[in-house]
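A.B. asks: Sequence first, predicted model second:
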Amino acid sequence: MIKAVLVMNTQGKPRLAKFYEFRSCAVELKMLVVSWMLSPSLDARLVYKHYATLYFVFIFDSSENELAMLDLIQVFVETLDKCFRNVCELDVVFNYSKMHSILDEIIFGGQVLETSSTEVLKAIEELSRLEAASNAMNLVPKSVSGWRTR
């Protein structure tokens, strides 16, 4: 099971954090990562990949394979690259909800759902289309009985 997904910049500032297991010390992400790395009593492993100015970190238990997690990071980054045209730190900051949507299409509740970046993109495009259609609908009538509009 995947316990957490973190995206941090090169200065160590968290840009995206998604936890699938409750931890009371989630306030300090750096301390959390260090404690998971150094404590042999915890059933947790950590893999990361560095792309440009971002570190993609996956924390998971012993039921997952390290190479599979590295591949999942690659799928996540490929999907982000296709979605944002060479993802950078500003894309993460300004498209926070879209990043979470992409991650939710790949991982849900700590379990891997989809490993194909094209399928994830199809789902995100459909979600964006539905969101645009709902925003385009006029939810407030122009005139309400008894009220005049000018």
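C.D. replies: Perfect, thanks for sending it.
A.B. asks: For the protein, name the helix or strand with the lowest mean pLDDT.
C.D. replies: Within the chain, judged by mean pLDDT, DSSP states H and E, the helix or strand with the poorest mean is helix 29-38; its value is a mean of 60.
A.B. asks: buried ones in the very next helix or strand once past that one?
C.D. replies: Per DSSP states H and E, the first helix or strand lying C-terminal to helix 29-38 is strand 45-51. Neighbour-count burial for strand 45-51 flags 45-48, 51 (criterion: 16 or more other CB atoms under 10 Å). Quick note: C-beta positions are derived from backbone N, CA and C, even for glycine.
A.B. asks: Return the closest of those residues with respect to residue 134.
C.D. replies: residue 51 (33.2 Å; CB to CB).
A.B. asks: can you map out the strands along this structure?
C.D. replies: 2-9, 14-19, 45-51, 54-60, 107-108, 111-112 (DSSP state E).
A.B. asks: From start to finish, how long is stretch 86-102 in a straight line?
C.D. replies: Stretch 86-102 has an end-to-end distance of 15 Å (CA to CA, to the nearest Å).
A.B. asks: Run the chain-centre distance for it.
C.D. replies: For stretch 86-102, the separation from the chain centroid amounts to 8 Å (computed by CA atoms, centre = their mean, to the nearest Å).
A.B. asks: that older thread, I'd like the strands of the chain as JSON lines, with mean pLDDT and distance to residue 130 appended.
C.D. replies: Shown next, in JSON lines, are the strands of the chain (pLDDT from 0 to 100; distance: least, CB to CB, whole Å):
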{"stretch": "strand 2-9", "mean pLDDT": "90", "distance to residue 130": "25"}
{"stretch": "strand 14-19", "mean pLDDT": "88", "distance to residue 130": "22"}
{"stretch": "strand 45-51", "mean pLDDT": "90", "distance to residue 130": "30"}
{"stretch": "strand 54-60", "mean pLDDT": "91", "distance to residue 130": "28"}
{"stretch": "strand 107-108", "mean pLDDT": "92", "distance to residue 130": "18"}
{"stretch": "strand 111-112", "mean pLDDT": "90", "distance to residue 130": "24"}
